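K.L.:
Sharing a sequence plus its predicted fold:
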Amino acid sequence: MSLDVGAALRRGAERAATPSGLLLLVPFAALSVLNAAATARLALSLADSAFVDGVVTTLREAGRPDLAEAMLATVSTQPLALPVSPAVAGGVIVAVAVSLEATRIVADRTFVAEAATGLHEPTRRLGRATLTGVLASLVVGLLLVLGAALVLPALLVAVVFFFTRQFVAWEDESVVGALRSSVSLALDAPLSVLGLAAGLFVVDLFVGSLVGGVAGLFAPVTTRVVELVAGAAVSVYASAVAADAFRQLRGLGREEAEREEWEELLP
């Protein structure tokens with residue numbers, strides 16, 4: 001099967017803008033804001049820690065007071081922070097990570113099914129699929145970290161495991177099965193999959209720079225929320241694009257068209 005990267009990027013935008021895509025944006029944005037607020041609370045707790053004090057002292061002694069001040073500003077200036085204890089904030093981060101994985105599973109099902117006005121099978125084996133997705137993401141993340149020192153291995157990991165979540169969400173694959181199936185599918189058109197990933201990266205950079213360009217027009221809290229909502233919109237778009245690419249390489253659209261043509265021939 002071939003993969004039309006331009007078509008995937010274009011149709012991904014069209015599907016992300018449907019009622020289904022806008023509906024998915026709500027949990028993506030809400031969970032992103034909650035995660036940022038919990039992370040900000042942990043950052044504030046680090047501001048007075050011995051670890052930060054030691055790093056700041058080391059930087060100053062090394063003749064880098066600029067880096068020391070930047071680090072202090074990063075951990076002490078948090079416009080969005082939950083008013084909870086650090087322990088609770090840590091629990092919130094874990095809960096949000098699991099919830100985000102579940103949301104991504106539902107998004108992938110919806111976009112692969114090309115559902116435009118509602119969510120596609122949002123509760124079907126969702127707990128199992130979410131756990132599988134979390135474990136698969138951890139495996140892929142570990143492989144990316146191990147390959148980060150060498151550019152080519154990291155790119156290879158990113159390409160061959162690009163469709164892991166789609167196999168978990170759409171076909172209820174296990175961790176090993178989803179990883180193996182993703183490798184098999186991605187290697188049908190590895191350069192196209194790499195181009196698709198690069199296209200999504202460029203879109204993310206463009207949206208980030210666009211939001212950054214208007215950041216000074218708002219208060220810090222508002223700016224942070226706008227950044228998070230924009231990031232959530234990119235996540236919805238990326239899910240829609242990946243789903244279209246998955247459909248192309250799996251031949252889902254072709255199979256449906258052939259079935260419709262055959263049905264038309266029936267008396």
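P.N.:
Ah, there it is.

K.L.:
Next up, identify which helix or strand the nearest residue to Ala215 once chain neighbours are set aside is on.
P.N.:
Of all residues not flanking Ala215 in the chain, Thr223 sits nearest, at 4.7 Å (Cβ to Cβ, 6 or more residues apart in numbering). (C-beta placed from N, C-alpha, C; glycine too.) Using DSSP states H and E, Thr223 sits in helix 220-250.

K.L.:
circling back to that earlier point, okay, the residue nearest to Ala215 and Leu185: tell me how far apart.
P.N.:
Distance of Thr223 to Leu185, given as Cβ to Cβ, to the nearest Å: 39 Å.

K.L.:
circling back: would you confirm that the residue nearest to Ala215 contacts Gly213?
P.N.:
No. Using Cβ atoms under 8 Å, Thr223 makes no contact with Gly213, being 11.3 Å away.

K.L.:
So those two - more neighbours on which side?
P.N.:
Regarding Thr223 and Gly213, a neighbour count based on other Cβ atoms under 10 Å identifies Thr223 as having more, with 18 against 9.

K.L.:
can you count the residues close to Gly141?
P.N.:
So Gly141, with other Cβ under 10 Å, has 12 neighbours.

K.L.:
That one and Arg109: what is the separation?
P.N.:
In this view, Gly141 and Arg109 are 22 Å apart by Cβ to Cβ.

K.L.:
Helices along the stretch 101-250 of the chain, start to end?
P.N.:
Assigned by DSSP state H, counting those that start in this stretch, the helices in the stretch 101-250 of the chain fall at 126-147, 151-160, 164-171, 175-186, 190-213, 220-250.

K.L.:
mind putting these in JSON lines, distance to Gly21 and mean pLDDT included?
P.N.:
Converted to JSON lines, the helices of the stretch 101-250 of the chain look like this (distance: least, Cβ to Cβ, whole Å; pLDDT from 0 to 100):
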{"stretch": "helix 126-147", "distance to Gly21": "19", "mean pLDDT": "92"}
{"stretch": "helix 151-160", "distance to Gly21": "24", "mean pLDDT": "84"}
{"stretch": "helix 164-171", "distance to Gly21": "16", "mean pLDDT": "96"}
{"stretch": "helix 175-186", "distance to Gly21": "23", "mean pLDDT": "96"}
{"stretch": "helix 190-213", "distance to Gly21": "15", "mean pLDDT": "93"}
{"stretch": "helix 220-250", "distance to Gly21": "5", "mean pLDDT": "93"}
